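# Pasting the sequence and the predicted coordinates here, then a few questions.
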Amino acid sequence: MRLLLISAGLLMIVGMTWALALAPDEAIQGFPQRIMYVHVPSVLMTYLALGLCFVGSALFLWRGDRRWDRLAHVCGELGVLFVTMTLATGTIWGRPVWGTWWTWDARLTTTLMLWFIYVGYLVVRAWAPGTRGARAAAVIGVIGILDLPLIHWSAILLRTLHPQPTVFRPEGPALPASMLAPLGVNVAAFLAIFLVLLFLRLRQERTLDRLVTMVEGA
Amino acid sequence: MAVFEARRAGGTFTTLLLILAKDLRVEWRTREIVTSMGLPALLLVIVLGAGHADAASAPTAMWVTYAFSAALGFARTFALERGGLSALRLAPVDGAAVVLAKTASNWLTLLIVQLVSLPVFGALFTEQIWTRVGALALPLLLGGLALAVVGTLLGALIMQTRLREVLLPLLMLPVMLPALIAAVGATTAILDGQPVRAVSAQLQLLLAFDILFAATSLLLFDVIVEE
Amino acid sequence: MAVLGANGSGKSTLLRIAATLLAPTHGDVRIFGAAGGVPGVRGRLGFVSHESLLYEHLTVYENLIFFSGLYGGNGRGGHRRGGEAIAGEIVSAALLGRRVRLLSRGQRQVADLARALVHDPDLLILDEPFTGLDLDAAAGLEQLLRAQASRGRTLLFATHDVREAQALADDAVVLHQGHLAEPVPVDALDETRLAAQFREARG
């Protein structure tokens, strides 16, 4: 655990310095482009968190094991955290580069809806405590991901402005190596932080559950 | 003493009709639905129509109205069940029949709201709504079904949560977005004069949406109705 | 059988588990030898809760017909006949045509009882059936329940009042904070015995 914390810290320091000071300037966009080094990792962490939330929710509904529910819960929280960061960094990046804070293209709309759905997830957990609430929230966790392709499809029916993927393409990344490297470091840093938060929160929830069972049993 | 021997319920379809008939009868008696769905719908139409009201703004106005009526109304229809569906769960009935019946009764109620509001939309926004009503039927039905399926699924889920009337719109609308986009798109095109086959993409999306969420409801029905 | 316990001892929970409405968090439940939730089991149970499970805005008759239909009396007018048979026995003709929300508490309990009996269950579970009833209504309900018991139906009810238990039950079991003691015949319930029962339940 401590190892994870230290490596997270180190990675972040290295990653951020590299991103802000050492990495080359992008030809067209200039300085603001550097937000990519925070934006892309946020996006990836969002997928990770929400994917895990889906898995946790589905398995909890199927098996009823509290551990899956804890995973889903914690990942739901992390998901909201990282979606918020994605949206924030995305809009900040968009303003100087596109000239607008927001546009209704496929990616942005999907991300915004995800934010609402997973905030809804957390609200249901808060307002319907106990097993009943956990199962209701799990259904929402599953629905959110199932809805994802449909949201994407419908937004494409509208219009598309978001830059085409430059990193995850079948032909291989289109970014030069000098940018790819710091990006990789930052992704690793974010992943390390994600894991730290995940394990911390899981431990908290496990302890809370144990406490509740002890009190109820008395 | 009871005269029948069978202790198992009749088939799923018979049970479905039975519950559906009961739901509609209860809604008719209370007329609560009029206040919780009909009036907000009417209010919304009028308020939206008071601003810039023409053929361009009609589709959005229509679907916003339907979505909000659904979100507000469905929370109430579940409140009409005593003891949170306990009575239905006690009976040896197929859970799927319960979910289908609830979805059907919610859909029919929404359909009535759609029908009743159509003349008002026509009067305030554009008469094309009346002239093109045949072509509009498909998006209205499929979109209404989408609202009913998602509304029933989520409404049943949060049936015993507090503040469910507030929570249901919050949960429903992000999930509904793709269906609403498709519905508004289709409505816009049709009011513009285009034939139904021009909006087949949107209708396909609506159909896919309906099927996906209907399947999810049926699969998860025992979670939905459980205590 | 009466389940005796103070408020909060878990009587309602126990009864709801018996009625297959709740799933137990640990262990399993066997009713009529089968696991709960099996459709055959539900068809043989009737449940009366302390809140009415009838639809308020329908008449008693409409409620009975509906529930009769749910339990398989459809087709060939079976549910009408079944529902009407029970209705005639328990509910007076005057009450049948009234909307449930216009009934008094005592009348509602009787109507709920009819609802629970419409499919001729072998086991009738009642959660604190005498709560909120005045003396007359309580006496009436007691008479009805005794008549049902003498027909061979098994009654399982929860109460916090020992006298109710003694009036109606053959056996009683004490529930204290979620723990059950051994069942005893109801005549054996008196001050000292009761104290012993509670001690035993506490373990």
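Perfect, I can see it now.
# Every contact and neighbour count from this point should use C-alpha atoms.
Will do.
# Find the nearest non-adjacent residue to B:F121, please.
Spatially, and ignoring its direct neighbours in sequence, B:F121 is nearest to B:V45 (6.8 Å; CA to CA, 6 or more residues apart in numbering or on different chains).
# Report how many residues lie close to that neighbour.
B:V45 is flanked by 23 other residues according to other CA atoms under 10 Å in any protein chain shown.
# Which strands or helices does the helix or strand containing it pack on?
Assigned by DSSP states H and E, B:V45 belongs to helix B:39-50. On a contact count with 3 or more CA pairs under 8 Å, 6 or more residues apart in numbering or on different chains; DSSP states H and E, helix B:39-50 meets helix B:58-79, helix B:95-124.
# Relative to C:G5, which of those helices is closest?
In terms of CA to CA, the element of these nearest to C:G5 is helix B:58-79, at 31.2 Å.
# can you pull out the helices in chain C?
Along chain C, the stretches classed as helices by DSSP state H are C:11-18, C:39-43, C:60-68, C:78-90, C:93-96, C:105-117, C:135-150, C:162-168, C:191-202.
# residues contacting B:L90?
C:A19, C:T20, C:L21, C:R42, C:F47 (CA atoms under 8 Å, 6 or more residues apart in numbering or on different chains).
# Quick check: the first one vs C:G5, distance?
What that stands for is C:A19. For C:A19, the distance to C:G5 (CA to CA, to the nearest Å) stands at 18 Å.
# for the residue nearest to A:G90 when sequence neighbours are not counted, phi and psi?
Closest residue to A:G90 apart from its sequence neighbours, by CA to CA, 6+ apart: A:H39 at 6.4 Å. Backbone torsions for A:H39, taken as degrees, to the nearest 10, come to phi -70, psi -50.
# Whether stretch B:96-107 contacts chain A - can you check?
No. Stretch B:96-107 does not reach chain A (CA under 8 Å from any CA of the partner chain); its nearest approach is 15.1 Å.
# residues of that stretch that come out buried?
By neighbour count with 16 or more other CA atoms under 10 Å in any protein chain shown, stretch B:96-107 contains the buried residues B:A96, B:A97, B:V98, B:V99, B:L100, B:A101, B:K102, B:T103, B:A104, B:S105, B:N106, B:W107.
# Could you pull up the residues touching the closest residue to the first one other than its chain neighbours?
In space, B:A96 comes closest to B:L218 once its chain neighbours are excluded; the distance is 5.8 Å by CA to CA, 6+ apart. Neighbour list for B:L218: B:A96, B:V99, B:L100 [criterion: CA under 8 Å, 6+ apart].
# Within the helices and strands, which one has B:L218?
helix B:200-219.
# For chain A, state which of the buried residues of stretch B:96-107 is nearest.
Among the buried residues of stretch B:96-107, B:V99 lies closest to chain A (CA to the nearest CA), at 15.1 Å.
# Check the contact between that closest one and B:L219; I expect there is one.
No. Judged on CA atoms under 8 Å, B:V99 makes no contact with B:L219 at a distance of 10.3 Å.
# what residues does chain A put near chain B?
So far as CA under 8 Å from any CA goes, chain A lies against chain B at A:61, A:113-114, A:116-117, A:120, A:124, A:127-128, A:132-133, A:135-136, A:139, A:143-144, A:147, A:150-155, A:157.
# so where's chain B uncertain?
Along chain B, the parts satisfying pLDDT under 70 run over B:1-11, B:82-84, B:227.
# Name the nearest residue to the most centrally placed residue in it, sequence neighbours excluded.
The C-alpha lying nearest the average C-alpha coordinate of chain B belongs to B:A148 (CA atoms, centre = their mean; 2.8 Å). The shortest distance from B:A148 to any non-neighbouring residue, by CA to CA, 6+ apart, is to B:W107 (5.0 Å).
# go on, B:A71?
B:P169 (5.0 Å).
# Are the longest helix belonging to chain A and chain C in contact anywhere?
If you go by DSSP H, chain A has its longest helix at helix A:177-217. No. Applying CA under 8 Å from any CA, one finds helix A:177-217 separated from chain C by no less than 9.7 Å.
# what distance separates that helix from the centre of its chain?
12 Å (CA atoms, centre = their mean, to the nearest Å).
# Could you give the average pLDDT over that helix?
For helix A:177-217, the mean pLDDT works out to 84.
# on that earlier part again, comparing C:A19 and C:G5, which shows the higher neighbour count?
Higher neighbour count among C:A19 and C:G5: C:A19, with 25 against 22, using other CA under 10 Å.
# contacting residues for the more buried one?
With CA under 8 Å, 6+ apart, C:A19 has these contacts: B:L90, C:R42, C:L45, C:G46, C:F47, C:I125.
# May I ask which of these comes out lowest in pLDDT?
C:R42 (76).
# Look up how far A:R66 lies from that one.
In terms of CA to CA, C:R42 sits 29 Å off from A:R66.
# Check B:S105 too.
In terms of CA to CA, B:S105 sits 35 Å off from A:R66.
# Check C:R44 too.
33 Å.
# got a list of what the most centrally placed residue in chain C touches?
Residue closest to the mean C-alpha point of chain C, counted by CA atoms, centre = their mean, is C:L126 at 2.1 Å. By CA under 8 Å, 6+ apart, C:L126 lies in contact with C:L15, C:F47, C:V48, C:S49, C:H50, C:L155, C:L156, C:F157, C:A158.
# Might one say that the fifth one is in contact with C:E128?
The reference is to C:H50. Yes. Counting by CA under 8 Å, C:H50 touches C:E128, with 6.1 Å between them.
# Compare neighbour counts for those two and give me the winner.
C:E128 (21 against 16).
# ok, so what distance separates that one from C:G46?
14 Å.
# Which strands or helices does the lowest-mean-pLDDT helix or strand in chain A pack on?
In chain A, the helix or strand scored least confidently by mean pLDDT, DSSP states H and E is helix A:2-17, which has a mean of 78. Applying 3+ CA pairs under 8 Å, 6+ apart, we find helix A:2-17 packed against helix A:177-217.
# Which other helices and strands does the helix it packs on contact?
helix A:2-17, helix A:36-63, helix A:66-98.
# out of those, nearest to A:L202?
helix A:66-98 (6.6 Å).
# now the closest one: mean pLDDT?
Rounded mean pLDDT across helix A:66-98 is 89.
# Could you single out the nearest of the contacts of C:A19 to B:T15?
B:L90 (13.8 Å).
# and that closest one, backbone torsions?
phi -70, psi -30.
# Now the closest residue to B:A56 other than its chain neighbours: which helix or strand?
Sequence neighbours aside, B:T188 is the residue nearest to B:A56 in space, at 7.1 Å (criterion: CA to CA, 6+ apart). In this structure, B:T188 sits in helix B:164-191 according to DSSP H and E.
# just for chain C, where's the confidence low?
In chain C, residues with pLDDT under 70: C:8-9, C:24-29, C:32-39, C:72-88, C:176-182, C:186-203.
# Pull the number of nearby residues for the nearest residue to C:V100 once chain neighbours are set aside.
Leaving aside its sequence neighbours, C:V100 sits nearest to C:E56 (CA to CA, 6+ apart; 4.8 Å). Other residues within reach of C:E56 by the criterion other CA under 10 Å amount to 21.
# what do you get for A:T207?
A:T207, neighbours per other CA under 10 Å, totals 12.
# try B:A135
By other CA under 10 Å, neighbour count at B:A135 equals 19.
# Which residue lies nearest the spatial centre of chain A?
A:T46 (1.5 Å).
# and chain B, which residues reach chain A?
Contact residues, chain B versus chain A (CA under 8 Å from any CA): B:157-158, B:160-162, B:170-171, B:174-175, B:177-179, B:181-182, B:205, B:209, B:220, B:223-224, B:227.
# check contacts around the residue nearest to B:P195 when sequence neighbours are not counted.
Closest residue to B:P195 apart from its sequence neighbours, by CA to CA, 6+ apart: B:A135 at 7.4 Å. The neighbours of B:A135, taking CA under 8 Å, 6+ apart as the test, are B:I190, B:P195, B:V196.
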